[in-house]
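Engineer: kindly generate the corresponding structure for this input.
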Amino acid sequence: MLASLMQIGKKKRAVDDELYKNTLQQAAGNFWRKVSERILDVVFLLSTNKLAFWGSSDNMKNYHKGNFLSIIELLAKYDPSVEDS
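Structural biologist: Predicted structure coming up:
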């Protein structure tokens, strides 16, 4: 009886661990989906308006970083999913 209860407990922990892993994977997938959507929106905005993407510098701290990095920086200021990436 005790052995069968221990087996049930081990199976329950295995199921809980598997559910936890799946939840983490879904959260990570959702995070990257949100980041990708925002990047694609910026690309669509710039290309629709025929604006240049890059400036003369790739450094985020430089004033001449270009439209793409400037908009990404603006999004990161208000959107935590972009800020973390």
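Engineer: from here on, contacts and neighbour counts on C-alpha atoms
Structural biologist: Will do.
Engineer: where are the low-confidence patches of this structure?
Structural biologist: Within the chain, the stretches falling below the threshold (pLDDT under 70) are 1-16, 18-19, 57-60, 81-85.
Engineer: in it, which spans are strands?
Structural biologist: Remark: no strands are assigned in the chain by DSSP state E.
Engineer: what about the helices in it?
Structural biologist: Remark: helices of the chain, listed N- to C-terminal, are 2-48, 67-78, 80-83; assignment by DSSP state H.
Engineer: what packs against the second one?
Structural biologist: If you count contacts as 3 or more C-alpha pairs under 8 Å, 6 or more residues apart in numbering; DSSP states H and E, helix 67-78 packs onto helix 2-48, helix 80-83.
Engineer: could you redo the last one with a cut-off of 6 Å?
Structural biologist: Using 3 or more C-alpha pairs under 6 Å, 6 or more residues apart in numbering; DSSP states H and E as the contact test, no helix or strand touches helix 67-78.
Engineer: how about that helix: buried residues?
Structural biologist: Of the residues in helix 67-78, those with enough neighbours to count as buried (16 or more other C-alpha atoms under 10 Å) are 67-73, 75.
Engineer: ok, stretch 25-41 next?
Structural biologist: By neighbour count, with 16+ other C-alpha under 10 Å as the criterion, the buried positions of stretch 25-41 are 31, 35, 38-39.
Engineer: just to revisit the earlier point, quick check, nearest of the buried residues of helix 67-78 to Val43?
Structural biologist: For Val43, the nearest member of the buried residues of helix 67-78 is Phe68. The distance, counting by C-alpha to C-alpha, is 7.5 Å.
Engineer: can you tell me the closest non-neighbouring residue to the closest one?
Structural biologist: Take Phe68 and drop its neighbours on the chain: the residue closest to it by C-alpha to C-alpha, 6 or more residues apart in numbering is Phe53, 4.9 Å away.
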